[in-house]
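> sequence and predicted model, in that order:
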Amino acid sequence: MTSTAAPAGFWQPDDECMHREELEQLQLERLQATVSRVARNVPFYRDAFDARRFDPDQLRSLHDLRQLPFTTKGDLADAYPYGLLAVPLREVVRLHGTGGTGSSGVVMGYTRNDIKTWANLMARMLVAEGVTKDDVLQITFDYGLFTGAFGVHFAAERLGASVIPISSGNTKRQIKIMVDYKTTTLVSTPSYALHLIEAMRAAKLNLNTLSLRRVLVGGEPFSEETRRLIQEALHVTVTDNYAVSELLGPGVAGECLERNGLHLNEDHFIPEIVDPVTLAPLPPGAEGELVLTSLTKEAFPLIRFRTRDLTTLDPAPCPCGRTSARIRRMEARSDDMLIIKGVNVFPAQVEAVLHDVDGTGPRYQLVVERREALDVATVLVEVSQSVFFDEIKLQAGYRDMLRHRLASDLGVHFEVKLVERSTMDAALGKGKVVDMRKR
Ligand code: ZN
C-alpha cells in the first residue's frame, strides 16, 4: 500500500499491478457491496431495481452487472440537489457541482473516505506521469465547484509535491510565477498550454530557461498534433488525464509515460463499452460509449453511469507494469458543446430543431471543419426514400427551411445535406458529432 518504500513509478503498486483474476474478484465483492448499499439507501436505485425485479442478492458474477439499469446525466439532473446521496448530509465533507446559470446541474458529495480515496487515485496518475515529491506543480484549473483543481491539488500534496494553487486566468502572472517559482509541472487544459506558449514567445521569453519538465493536461479533447506542439516548444512530456466530475473528478483514468491509452482505475470503477444507440455491450476493442460503475464511492455511488464519451477499451498489459485496462484518448464526445464561429452550440439544440420541423426527429450528424480559417458547420439529415428520390423541389424546400430554422434558433449558419439511410449508417460510424478542427 501507500508508503515511502513503494517501488519508483507506482503510488499503490499492490493495487495498480494486481493480477487480473484477483482484480475481478475484488471488483465483484465491491460491486455487491455497492449494489446492496444503493438498494438500501437511494430510492432512485431501489425503484429502478424493483422495476426490473432485480434482487441485489442475485448478483453472483461481474456479468450480472448487465442486469442493472443505466444512470444518465438526466437522472442526475432530476435528482438535484441531494436525491442520489447514499449517506446522510452530515457525513458529507465536500460538495462539488456542475452546471452553469442555465441549468441547476449536478451536486456531487464526498465523505472523508471519498476525499482520501480521490487523493490516492489521482496520486497514482501523478506518479504514472512522472511527478515526485521534488516537483513544483502550477495548477491553472479554476478553483471552485469544478473538480479539476481540487482533485489534482490534494493528490499532489498527498504525494509531497509543492503545489502552486494559482487557479485560472492572468496569463502574465502565470508566466512570472512559472519562472520565479521554478515550476516543473504545469497542470492545464491543452488549449491554455498553447496560449501560454504564444504569450511567452510574444514576451520574448527564452523557453529553454524554464524549469518545466512536464505538462499534465485534461479538461478537453485534443489532437496528437497539439501534444507534439506543446512537447517540442517546452521540451516536456505531455500526458492526458480523464476526469468524470459526476463520478469523482480527475483520477478516473490517466496516461502513463508510454502515452498509449489512459489507465483506468479498475479497482474503483468497472468500465463497460456499449453501443450508444442500442446500449448493447460491445466486445473489447470496439468503439462505443464508456459506461462506468463506481465501486468505492460512499456518498455518491453511481451504477452504470453513461459518460457520453466515445472510446475503446484495451485490456492488454502495458509495458509500464500496470495491469489496468486502458481507454483510448477521447477525440469526440457524443453530447459535447461545440464552439462554432464563437457561438456555443449543443447537438441537442440541432436535434430539437429537427424534431420540431419533422415531428419524427430524423437521424443526423453534425460535422464542423475549418476552411481558410473559418468554421464551416454541416448537418447531415437522414430523409425517407420517397423524399430523397421523388421530389427534388420538396427536397430543396425542406433543406432551405431547415437551414433557416437552424440559423434563427442557434444563431449559426449551417449547411444542410439530405442523405439516405445507408449513407447515414456509414457516416454515423464516426459518431454523431465530428469536429474535424481537432484532427
Ligand atoms: Zn502504462
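That came through, no problem. Numbers count the residues shown, from 1 in each chain.
> contacts, neighbours, all on C-alpha from now
Fine.
> show me what from the stretch 251-400 of the chain comes close to the ion.
Within the stretch 251-400 of the chain, the positions near the ion by CA under 5 Å from the ion are 256, 318, 320.
> mind naming the longest helix for this structure?
Taking DSSP state H as the criterion, the chain has its longest helix at helix 20-41.
> by contact count, what packs against it?
helix 43-51 (3 or more CA pairs under 8 Å, 6 or more residues apart in numbering; DSSP states H and E).
> C-terminal to the helix it packs on, which secondary structure element comes first?
For helix 43-51, the succeeding helix or strand toward the C-terminus, using DSSP states H and E, is helix 73-78.
> can you give me the mean pLDDT across that following helix?
Per-residue pLDDT over helix 73-78 has a mean of 89.
> list the buried residues in it.
Neighbour counts over helix 73-78 (16 or more other CA atoms under 10 Å) mark 76-77 as buried.
> ok, stretch 31-51 next?
So for stretch 31-51, counting by 16+ other CA under 10 Å, buried means 31-32, 34-39, 42, 45-46, 48-49.
> quick check, nearest of those residues to the ion?
residue 31 (25.1 Å; CA to the ion).
> and the closest one, what pLDDT?
98.
> list the contacts for the closest residue to it other than its chain neighbours?
In space, and not counting its chain neighbours, residue 31 is closest to residue 295: 5.6 Å by CA to CA, 6 or more residues apart in numbering. Shown in contact with residue 295 (CA atoms under 8 Å, 6 or more residues apart in numbering): 27, 30-31, 34, 267-270, 301.
> list just the nearest of those to residue 242.
residue 269 (13.0 Å; CA to CA).
> returning to that earlier point: and the angle for the longest helix of the chain with helix 43-51?
For helix 20-41 against helix 43-51, the angle by axes from the mean of the first three to the mean of the last three CA atoms, to 10 degrees is 100 degrees.
> CA atoms of helix 20-41 as PDB?
Written as PDB, here are the backbone C-alpha positions of helix 20-41 (Å, rounded to 0.1, in the frame of the first residue of the first chain):
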ATOM      1  CA  ARG A  20      -6.400 -10.000 -13.400                       C
ATOM      2  CA  GLU A  21      -8.300 -12.700 -11.500                       C
ATOM      3  CA  GLU A  22      -7.500 -11.000  -8.200                       C
ATOM      4  CA  LEU A  23      -8.800  -7.700  -9.600                       C
ATOM      5  CA  GLU A  24     -12.000  -9.300 -10.900                       C
ATOM      6  CA  GLN A  25     -12.700 -10.900  -7.500                       C
ATOM      7  CA  LEU A  26     -12.200  -7.600  -5.800                       C
ATOM      8  CA  GLN A  27     -14.400  -5.800  -8.300                       C
ATOM      9  CA  LEU A  28     -17.200  -8.400  -7.700                       C
ATOM     10  CA  GLU A  29     -17.000  -8.000  -3.900                       C
ATOM     11  CA  ARG A  30     -17.000  -4.200  -4.200                       C
ATOM     12  CA  LEU A  31     -19.900  -4.300  -6.700                       C
ATOM     13  CA  GLN A  32     -22.000  -6.500  -4.500                       C
ATOM     14  CA  ALA A  33     -21.400  -4.200  -1.500                       C
ATOM     15  CA  THR A  34     -22.200  -1.000  -3.600                       C
ATOM     16  CA  VAL A  35     -25.400  -2.500  -5.100                       C
ATOM     17  CA  SER A  36     -26.800  -3.600  -1.800                       C
ATOM     18  CA  ARG A  37     -25.900  -0.200  -0.300                       C
ATOM     19  CA  VAL A  38     -27.700   1.800  -3.000                       C
ATOM     20  CA  ALA A  39     -30.700  -0.500  -2.900                       C
ATOM     21  CA  ARG A  40     -30.900   0.300   0.800                       C
ATOM     22  CA  ASN A  41     -30.100   4.000   0.800                       C
END
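> gap between the one helix or strand residue 404 maps to and the chain center?
Following DSSP H and E, one finds residue 404 within helix 392-410. Going by CA atoms, centre = their mean, to the nearest Å, the spacing between the C-alpha centre of helix 392-410 and its chain's C-alpha centre is 34 Å.
> repeat that for stretch 241-254.
7 Å.
> where do the helices sit along the stretch 101-250 of the chain?
112-128, 147-159, 171-180, 190-202, 224-234 (DSSP state H, counting those that start in this stretch).
> got the ones you listed as TSV, with mean neighbour count, distance to the ion and mean pLDDT columns?
TSV is the format used below for the helices of the stretch 101-250 of the chain (neighbours: other CA atoms under 10 Å; distance: least, CA to the ion, whole Å; pLDDT from 0 to 100):
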stretch	mean neighbour count	distance to the ion	mean pLDDT
helix 112-128	23	8	98
helix 147-159	23	19	97
helix 171-180	15	29	96
helix 190-202	16	21	88
helix 224-234	16	18	90
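> can you lay out those as CSV showing distance to residue 376?
Below are those laid out as CSV (distance: least, CA to CA, whole Å):
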stretch, distance to residue 376
helix 112-128, 37
helix 147-159, 31
helix 171-180, 30
helix 190-202, 21
helix 224-234, 21
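> hmm, residue 417 is touching residue 381, no?
Yes: at 6.2 Å, residue 417 counts as touching residue 381 under the criterion of CA atoms under 8 Å.
> so residue 368 bridges to which residues?
Note on residue 368: beta-bridge partners by DSSP bridges are residue 377, residue 435.
> just the buried residues out of the residues of the stretch 251-400 of the chain next to the ion, in ChimeraX syntax.
Command for ChimeraX that selects the buried part of those, burial taken from 16+ other CA under 10 Å:
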select :256,318
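> tabulate the residues of the stretch 251-400 of the chain next to the ion (a markdown table), appending pLDDT and secondary structure.
Listed next are these as a markdown table, based on pLDDT from 0 to 100; DSSP: H, G, I helix; E, B strand; the rest coil:
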| residue | pLDDT | secondary structure |
| --- | --- | --- |
| 256 | 97 | coil |
| 318 | 95 | coil |
| 320 | 96 | coil |
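> which one of the residues of the stretch 251-400 of the chain next to the ion is nearest residue 78?
Distances from residue 78 to these, taken by CA to CA, are shortest for residue 256, at 36.7 Å.
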